[in-house]
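K.L.:
Here's a sequence, model it:
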Amino acid sequence: MNLIPSHRSRLSQDFAAFDYSGGKHAVNFAYGLPDPALFKELAWPDAFDTATGVSAADLPQYTDALGLPELRTQIALRHGVRQDQVILTNGASQAVQLLADLYLDPGDVVLTEDPSYLGALRTFSVAGATIVQLGMGADGVDLDALEAALRQTHRVRLYYTTPAFHNPTGCHMPRAHMARVAALLAQHGVPLVQDLVYAELPYDGLTEWLSSGGNVINVHSISKVAGPGLRVGWVLAEPDIISQLARLKCDGGVSPIVSNVVLGLMRSDVLDTHIARLRPHYRAKRDALHKLLQGSRFCEPDYTMPRGGFSFWVRLVAGTDAQAFIDAARREHDVRLVHGQHYGPASLNHVRLCFSYLPMSSIAQGLAHLDVLHTRLYRPRQIAVGTVAA
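P.N.:
Numbering: from 1, shown residues only. Modelled structure (predicted):
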């Protein structure tokens, strides 16, 4: 039978489906996932604990599209907003999907940085949007480039970014810079979507980010600090935007049972105590990887030191065929890397190295494999070129 997929489905064929089981036994630098060793350190509450104020009899039932009211109230308190400015989603990924559904028609334009988070780029591409990626400076998007794009590009409908901390570069975009971005976008009636899933994980002192309100829409998740298997995220925005997102939801809502677990974590001091443990843990892993990278042979030493988040963004040394190197690393050493080209057209010689998921022994082993591989593939050629030049 010749079944014809939709145009949107055909667009998705350029992207690989997420496969956790396929790489969890490899040295997988592609996984921007929490350290599984920390899950057991979190004091998980009983999913049917009525101390949250939710009746155990109600938990197996549907809730409304906005999500469990008690959890929305708790999230509103946590962020200093009202309950009508909160909607729960099945992770941050559904939040971004709903925002794409709300604002984008095929041919509309999404602005973001180059590079930018590949998961969001996939969502916008499958929605049929044209993605325009702008250059970055130390604080984030180049404001002159943004202003020019807004002035010269038709049908700009959305700006997406990860300001705390940028995925994949790890840089922190100061609140003042993002306020200027929001003001420029507001002049053109364009919403600013801030994906803040890493905002709870600064490693060099606490940071501030731009609050939701007006044209600023913030996306959050419990995934990076508790566990992605919970699949609980939320959007903070003006009430009219929240209402529109609720009408777009086609599922039965976020699980009330899982929502009650998250509510139990937030109502006690368990979650914040756990986050306080996570920061030095990931900081130590970041610092250890930084030290290893400074002595590595396969990448340049001029990367940005990530101030938060889960990854480094590094440039392979000049003369490296990035795709051939990535393929050989997987084939010969079972070391998994993601090509920088998936994050933007200016990143053809970059790779993202995630340090959060792997134990330090695997990180060291993986980098050693990459150094050996790079020497085997490229060192003889570089020596030969140097000899001829001499």
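
K.L.:
Phi and psi next, for the nearest residue to residue 138 once chain neighbours are set aside.
P.N.:
Using Cβ to Cβ, 6 or more residues apart in numbering and skipping the chain neighbours, the partner closest in space to residue 138 is residue 171 (7.1 Å). The C-beta positions use only the backbone N, C-alpha and C, and glycine is treated the same way. According to degrees, to the nearest 10, the main-chain angles of residue 171 amount to phi -80, psi 160.

K.L.:
Please tell me how far residue 171 sits from residue 6.
P.N.:
37 Å (Cβ to Cβ, to the nearest Å).

K.L.:
Neighbour count for the two, which is higher?
P.N.:
Using other Cβ atoms under 10 Å as the criterion, residue 171 and residue 6 rank with residue 171 on top: 25 against 8.

K.L.:
mind listing what the closest residue to residue 236 other than its chain neighbours touches?
P.N.:
Leaving aside its sequence neighbours, residue 236 sits nearest to residue 212 (Cβ to Cβ, 6+ apart; 3.9 Å). Contacts for residue 212 (Cβ atoms under 8 Å, 6 or more residues apart in numbering) come out as 79, 81, 85, 218, 236-238.

K.L.:
Nearest to residue 247 among these?
P.N.:
Nearest to residue 247 among these is residue 237, at 13.8 Å by Cβ to Cβ.

K.L.:
Helices along the stretch 151-300 of the chain, start to end?
P.N.:
175-187, 239-248, 256-267, 270-294 (DSSP state H, counting those that start in this stretch).

K.L.:
Which of the ones you listed has the highest mean neighbour count?
P.N.:
helix 256-267 (a mean of 22; mean count of other Cβ atoms under 10 Å).

K.L.:
and for it, what are the contacting residues?
P.N.:
Against helix 256-267 from outside (Cβ under 8 Å, 6+ apart): 42, 44-49, 51-52, 54, 58-63, 67-68, 70-71, 74-75, 78, 88, 222, 226, 230-232, 270-271, 274.

K.L.:
Would you map out the domains in this protein?
P.N.:
7-39+272-378, 45-268 (automatic domain parsing).

K.L.:
Name the spans of this structure whose pLDDT lies under the cut-off.
P.N.:
5, 7, 9-24, 379-390 (pLDDT under 70).

K.L.:
Identify the residue spatially nearest to residue 175, adjacent ones excluded.
P.N.:
residue 208 (4.6 Å).

K.L.:
Please tell me how far the closest residue to residue 283 other than its chain neighbours sits from residue 286.
P.N.:
Among residues not flanking residue 283 along the chain, residue 203 sits closest, at 4.0 Å (Cβ to Cβ, 6+ apart). Separation of residue 203 from residue 286 (Cβ to Cβ) stands at 6 Å.

K.L.:
swap in residue 46?
P.N.:
Distance from residue 46 to residue 286, by Cβ to Cβ: 34 Å.

K.L.:
next one: residue 126
P.N.:
32 Å.

K.L.:
got it, and residue 275?
P.N.:
Taking Cβ to Cβ, one finds residue 275 at 16 Å from residue 286.

K.L.:
likewise residue 56?
P.N.:
Residue 56 is 41 Å from residue 286, by Cβ to Cβ.

K.L.:
Residue 373 too?
P.N.:
In terms of Cβ to Cβ, residue 373 sits 24 Å off from residue 286.

K.L.:
ditto for residue 100
P.N.:
Distance from residue 100 to residue 286, by Cβ to Cβ: 31 Å.
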